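A.B. asks: Quick one: sequence and predicted model below, then my questions.
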Amino acid sequence: MTQKLLRFAYACEFLLALVAIFTAWSEIGGQTALDLMHWGWKLGFSLALSAAAVGYTAAIVAEEKIANARAARWIAAILLLLVGMGVVTYYYALEGDTGETDEPSGTVSIGSPCTPTMGVRS
């Protein structure tokens, strides 16, 4: 395979990995936790995991043997990223389960300023 075609394949793999990661993360971790999560966590972990997947593929393609030291380092990076994603998702899942909101408790009723509420005689 030529280098240009190989680079194109890696770029396609990166984009496909992004879509797969976002889809799997919302299904596994729950959409509620992802909705509460800061966008930087989601973007950072997704880009890093996609890049690690492409790096793992490149390490396998570059060597004659599938099991090599470079591939093992990429697998370790992938596992570390997955654990980090799990910890952050778990934290935000716990935040969503507390049920605490920023809104004050109780009800507030607003009456019309033109209608008196006491002493009305008909």
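C.D. replies: Alright, I've got the coordinates. Model, not experiment: these values are computed from the prediction. Numbering: from 1, shown residues only.
A.B. asks: C-alpha only now, for contacts and for neighbours.
C.D. replies: Will do.
A.B. asks: where exactly do the helices run in this protein?
C.D. replies: For the chain, the helices defined by DSSP state H cover 3-29, 31-36, 39-62, 69-97.
A.B. asks: Could you tell me the least trusted of those?
C.D. replies: With a mean of 90, helix 31-36 has the lowest mean pLDDT of the helices of the chain.
A.B. asks: For that one, which outside residues touch it?
C.D. replies: 26, 42, 89-90, 92-93, 96 (Cα atoms under 8 Å, 6 or more residues apart in numbering).
A.B. asks: Asn68: how many residues sit nearby?
C.D. replies: 12 (other Cα atoms under 10 Å).
A.B. asks: now Leu94
C.D. replies: If we define neighbours as other Cα under 10 Å, then Leu94 has 11 of them.
A.B. asks: among the contacts of helix 31-36, which ones are buried?
C.D. replies: 42, 89, 92-93, 96 (16 or more other Cα atoms under 10 Å).
A.B. asks: Save the residues you listed as CSV, and put in distance to Asp35 too.
C.D. replies: Formatted as CSV, these follow (distance: Cα to Cα, whole Å):
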residue, distance to Asp35
Lys42, 10
Thr89, 10
Tyr92, 9
Ala93, 10
Gly96, 9
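A.B. asks: What is the neighbour count of the nearest residue to Leu18 once chain neighbours are set aside?
C.D. replies: Residue nearest to Leu18 in three dimensions, not counting chain neighbours: Ser50, with 5.9 Å by Cα to Cα, 6 or more residues apart in numbering. Other residues near Ser50 come to 22 when the count uses other Cα under 10 Å.
A.B. asks: on that earlier part again, most widely separated two among the contacts of helix 31-36?
C.D. replies: The largest separation in the contacts of helix 31-36, counting by Cα to Cα, is between Lys42 and Gly96 at 16.5 Å.
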